[in-house]
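# sharing a sequence plus its predicted fold:
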Amino acid sequence: MKPTKSIEDYLEAIYVLSLKENHAHVKNIAAFLGIRLPSVTEAVSKLVSLDYAMHDPYGDVELTKDGQSIG
C-alpha cells in the first residue's frame, strides 16, 4: 500500500530532524511542519501501526527501515 502524501510529509520531517538534530520529538515535528501537537501525536500513532516508526511516550520518534526509505 502506497503511503498518503500526509504520511510521507511526516516521515520526511522525522527523517530531516533526525539528520539535523540527531533526534525527532513530537514537539519538534509539530514545529517543523507548523501544526499542532495533537495532530502529530495522532499521526505518529498511525506511523507506528503501519510499522514506519517506533515511539516511546515522551521519547524520540525513530523511523524503521521502511519509514527511512520513504522519508
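Thanks, I have it.
# quick one, what contacts residue 13?
The neighbourhood of residue 13, defined by Cβ atoms under 8 Å, 6 or more residues apart in numbering, consists of 24, 29, 32, 33. For glycine as for every other residue, the C-beta is placed from the backbone atoms N, C-alpha and C.
# by neighbours, which of these wins?
Per-residue neighbour counts (other Cβ atoms under 10 Å) across the contacts of residue 13 peak at residue 24, which has 25 neighbours.
# checking it next. Helix, strand or coil?
For residue 24, the secondary-structure state derived from DSSP: H, G, I helix; E, B strand; the rest coil is coil.
# now residue 65: how far from residue 51?
Counting by Cβ to Cβ, to the nearest Å, the gap between residue 65 and residue 51 amounts to 9 Å.
# again, but for residue 15
In this structure, residue 15 and residue 51 are 16 Å apart, going by Cβ to Cβ.
# higher neighbour count, the two?
Each of residue 15 and residue 51 had its neighbours counted (other Cβ under 10 Å), and the higher figure belongs to residue 15 (17 against 11).
# pull out the buried positions in the helix or strand harbouring that one.
Using DSSP states H and E, the secondary-structure element containing residue 15 is helix 5-21. By neighbour count, with 16 or more other Cβ atoms under 10 Å as the criterion, the buried positions of helix 5-21 are 7, 9, 10, 11, 13, 14, 15, 17, 18.
# redo the residues you listed as a markdown table? Include distance to residue 61 and pLDDT.
Listed next are those as a markdown table, based on distance: Cβ to Cβ, whole Å; pLDDT from 0 to 100:
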| residue | distance to residue 61 | pLDDT |
| --- | --- | --- |
| 7 | 13 | 93 |
| 9 | 14 | 94 |
| 10 | 9 | 96 |
| 11 | 10 | 95 |
| 13 | 10 | 96 |
| 14 | 5 | 96 |
| 15 | 10 | 95 |
| 17 | 9 | 96 |
| 18 | 8 | 94 |
